[in-house]
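K.L.:
here is my input, please return the structure:
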Amino acid sequence: MNLKILTDLSQNRTENVTAIANTLKTKSTIPALELVKLKNALLQDHSNIEVVLNVHGALRGLVITLSINVLRLDVYVTLLLEILKLVIVL
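P.N.:
Numbering: from 1, shown residues only. All right, here's what the predicted structure looks like:
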């Protein structure tokens, strides 16, 4: 892949994370597919964790969304571990 394609993919991923974070702060729940996308984006680029943390209410929405369904526990644990890693580094 050339550099432009990689840059476009990275920008698109950040935009997706921002969109999901904004949804988390306004909706009572989001689809599991969106949570998987968020998890993958956070694992691929740790700067996306900052994107989520910078959206006021997104972390609270994420905790509420993941608390609703126990089947999402693996996603929940992964996301929390990634966020904790960032907080410890800061």
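K.L.:
for the residue sitting nearest the centre point of the chain, give me the pLDDT.
P.N.:
Centroid check for the chain by CA atoms, centre = their mean gives Leu38 as the closest residue, at 3.6 Å. On pLDDT, Leu38 comes in at 87.
K.L.:
check contacts around it.
P.N.:
17, 20, 52, 62, 79 (CB atoms under 8 Å, 6 or more residues apart in numbering). Just so you know, the C-beta spots here come from the backbone N, C-alpha and C atoms, and that holds for glycine as well.
K.L.:
so the fourth one makes contact with Glu82?
P.N.:
No - using CB atoms under 8 Å, Leu62 is not in contact with Glu82; the gap is 11.3 Å.
K.L.:
which SSE is the residue nearest to the centre of the chain in?
P.N.:
Assigned by DSSP states H and E, Leu38 belongs to helix 32-44.
K.L.:
buried set for the helix or strand that that helix is followed by?
P.N.:
Next along the chain after helix 32-44, taking DSSP H and E as the criterion, comes helix 47-54. Across helix 47-54, burial judged by 16 or more other CB atoms under 10 Å covers 48-49, 51-52.
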